[in-house]
Structure formats: structure tokens, C-alpha cells
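*Asks:* Give me a 3D structure for the following:
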Amino acid sequence: MENQIIELLKSTNRPGIENLIAFMQKSDFFKAPASTRFHGCFEGGLAEHSMKVYEILKQKVKNSVINLNVPKESIIIIGILHDICKVNYYKVDYRNAKNALGVWEKVPYYTVEDTIPYGHGEKSVMMLCEYIKLTNEEKYSIRWHMGYTEPKELYATIGEAYKKYPLALLTHEADLEATYFFDI
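*Replies:* Numbering: from 1, shown residues only. This next block holds a predicted model:
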């Protein structure tokens, strides 16, 4: 999957993409989980989830009830990189648990070590902008991909963002579908 993701990112021909790919390869992007307890809670879960969001988003844009005219490279960047904020975010720790025989043993689990406490979608946008220039549509789509799981005080803002950039709504839907239909 790593090679497939890298080839897709290279195909965008976005200035700075090679440096972003180098960062991803040095980080834990291809080994990190997508979460600590929920979707993709396994080694490589983040990369797998990211690919699934990309694949679903591509189909959603293709089959959209309105003509979105979204460039292919935007779908790649948004789908694959929407959760880049999770890079170097999880760490393995150990706790005691009983095994199948009822004997206590140390077992690994994922925990969070947030060294850049800047949020979620906004953190992904910030990190990406250090390497590549994003269009406004890409920024909004990545920033608001969590949709209505954001605090209720932001609901009006999210709604306005989705009206302005319908691709942002499709990104949220693709993320939900990848999470609940495939990553469990």
C-alpha cells in the first residue's frame, strides 16, 4: 500500500510533494494506527484508512448529484492526507490483561502522545501547508472532514463551509463510510 500511496501522491505533480513524501516515509504514517480503540486500530491502519477514504471520495465525486468539477489531484490529496495530523501521534504502551488461560500478562495498546496540540482537521491543513500549497477547497475539505463530530458550537460554521465547498461534505461522508463500513 505504501508504494500505491506514494505513486498517487507523485501523480499530483504538486510542487513540494516529494518533500512531503520524504516526511511521510521518515514518520510513522505507513505503520501508525488510525485510532487507539476504534477504526483501524492496528499497525498500518492509518494508511489503509487513508486509501479507503480516497477510493470512496473518488466514487462520490464521480457519482455526485451536482457537477463538482474537482481535479483528480485534489481528490488524491484530500483523501490520502486528510488525517496526516495522526503522524507521530500514537505510541505503543503496555498494560496488564488476562490471557485466554486467565494468566496476567503485559499486552501492548495504542495511546496518544500529542506533541502538536493544534486540533485535528486544522492540524492536518497546517502540516500539509509546510510542504505543499493547498487550494481553498482542499483546505476546507480537510479542515472540516470530521463534520458534525466537531463541537456543536461549530455546526453553523460547518454548514456554511459545506455550502461553499460541497466537496468538504463529500469528504466527511467518505471518512464516515471508510470508518463505519470498512475500518471496524
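*Asks:* excluding its backbone neighbours, what's nearest R14?
*Replies:* Nearest in space to R14, with sequence neighbours left out and distances taken as CB to CB, 6 or more residues apart in numbering, is I132 at 4.8 Å. (C-beta placed from N, C-alpha, C; glycine too.)
*Asks:* Surely that neighbour is in a strand?
*Replies:* No. I132 sits outside any strand when classified using DSSP: H, G, I helix; E, B strand; the rest coil, being coil.
*Asks:* Just the local confidence number for it, please.
*Replies:* I132 is assigned a pLDDT of 98 by the prediction.
*Asks:* can you give me the strands in the protein?
*Replies:* Counting by DSSP state E, the chain has strands at residues 90-98, 104-112.
*Asks:* Which of those sits closest to T157?
*Replies:* Each of these was checked against T157 via CB to CB, and the shortest separation belongs to strand 104-112, namely 25.5 Å.
*Asks:* From what I see, G79 and L57 are in contact.
*Replies:* Yes. Assessed by CB atoms under 8 Å, G79 is found in contact with L57 at 4.5 Å.
*Asks:* Give me the common contacts of the two.
*Replies:* When contacts are counted by CB atoms under 8 Å, 6 or more residues apart in numbering, G79 and L57 are jointly contacted by T171, A174.
*Asks:* ok, back up a step: can I get the strands of the chain in TSV including mean pLDDT, mean neighbour count and distance to N63?
*Replies:* TSV is the format used below for these (pLDDT from 0 to 100; neighbours: other CB atoms under 10 Å; distance: least, CB to CB, whole Å):
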stretch	mean pLDDT	mean neighbour count	distance to N63
strand 90-98	93	12	34
strand 104-112	92	11	35
